[in-house]
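Engineer: Mind folding the following:
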Amino acid sequence: VAYAGPYYSTLDTTRFKPQISYDDYLKGNIYKYTEANGSGNVVLWGYNNQYPIAKVANASIGGYTPSEEVAYSSFESSEKGNWIYSGNPVTDLTSPSGKRVYSLANGSLSKIKPTSLPAKRYLISYWYKQGSTVNISGGTLGGVTIKNTKAGWSLAEREISAITGSIVVSGTGSIDELRFHPYDAQMTTYTYEPLLGLSGSIDPKGNLQYYEYDDAQRLKNVRDQKGNIVKSYRYNLGTSN
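Structural biologist: So this is what the prediction gives:
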């Protein structure tokens, strides 16, 4: 109740509408949240739970566990992002994202079946190195769409539905940026240089951006995948008399 003097009256709380609600936390970090328009969002964390590595927008979060419906790994940190695999990532500086990739020769990867909403459609995407063969099983698969290419790597996306069990990714060669989410959701992913900051990002359309820093570890340039500068920052230090 507000001050009931000559200029104030009882506060009408019906005029206030929540703009965002936080539904769940994981080790102190926001894991799920819902916006005023009803859009549910999921955030995945990595690098020992220090940095957000993926944001999944419009991932309806009512009545399911996010670990069932979303998954992502760039193989940069120890967290597996809801994927299951026993092989160790390997260093590959040609990767379009970060410095590490997964060699399918080290074993397959799997994703538990979404159990609460089994009739939904999903997207699974991954970057694969030229010469690699990638096999996916566990549901009804749509055709392969190549969304982007860079320096001997291609970004493939496939729809998967009528999931019958665990989704399994196998084959030969190397993959990176392995994503899984509902069909109508949009995932943006991030990689980092520890102790420095954000090093790269990939938007839902597969567009890459890279981040450069100056000697004082301040953000200097943002470049697209062709090396063009799309944003540049300059810092002017004031002087005192």
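Engineer: The closest residue to S166 other than its chain neighbours: how many residues sit nearby?
Structural biologist: Distances taken as C-beta to C-beta, 6 or more residues apart in numbering put S110 closest to S166, at 4.7 Å, once the chain neighbours are dropped. Any C-beta I mention is one placed from the backbone N, CA and C, and that applies to glycine too. With neighbours defined by other C-beta atoms under 10 Å, the count for S110 comes to 18.
Engineer: same check, this time on L196
Structural biologist: Other residues within reach of L196, judged by other C-beta under 10 Å, total 11.
Engineer: do the same with Y128
Structural biologist: 23.
Engineer: try the one 4 residues further on
Structural biologist: Residues within reach of S132, counting by other C-beta under 10 Å, total 19.
Engineer: can you pull the contacts of the residue sitting nearest the centre point of the chain?
Structural biologist: Centroid check for the chain by C-alpha atoms, centre = their mean gives A54 as the closest residue, at 2.4 Å. Residues in contact with A54 (C-beta atoms under 8 Å, 6 or more residues apart in numbering) are 43-44, 70, 72, 81, 179, 187-190.
Engineer: Neighbour count for those - can I get that in a markdown table?
Structural biologist: Converted to a markdown table, those look like this (neighbours: other C-beta atoms under 10 Å):
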| residue | neighbour count |
| --- | --- |
| V43 | 18 |
| L44 | 24 |
| V70 | 26 |
| Y72 | 24 |
| G81 | 22 |
| R179 | 24 |
| M187 | 25 |
| T188 | 16 |
| T189 | 24 |
| Y190 | 23 |
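Engineer: thinking again about what came up before, residues in a beta bridge with the residue nearest to the centre of the chain, which ones?
Structural biologist: With DSSP bridges as the criterion, A54 is bridged to L44, T189.
Engineer: One more: S110?
Structural biologist: In this entry, S110 is beta-bridged to I84, V168, by DSSP bridges.
Engineer: In this structure it contacts V168, no?
Structural biologist: Yes - counting by C-beta atoms under 8 Å, V168 is a contact partner of S110 at 4.9 Å.
Engineer: so which of the contacts of A54 comes closest to T164?
Structural biologist: Closest approach to T164 among the contacts of A54 (C-beta to C-beta): V70, at 19.4 Å.
Engineer: Please list all residues in contact with the closest one.
Structural biologist: 42, 44, 54, 56, 59, 82, 180-182, 185, 187.
Engineer: The chain: helices as residue ranges?
Structural biologist: 66-69 (DSSP state H).
Engineer: rewinding a little: and the gap between the residue nearest to S166 and S86?
Structural biologist: Noted for S110: a distance of 10 Å to S86, by C-beta to C-beta, to the nearest Å.
Engineer: now swap in Y122 and tell me
Structural biologist: For Y122, the distance to S86 equals 24 Å [C-beta to C-beta].
Engineer: Please identify which of those two sits among more neighbours.
Structural biologist: Higher neighbour count among Y122 and S86: Y122, with 23 against 8, using other C-beta under 10 Å.
Engineer: Appreciated, that's everything.
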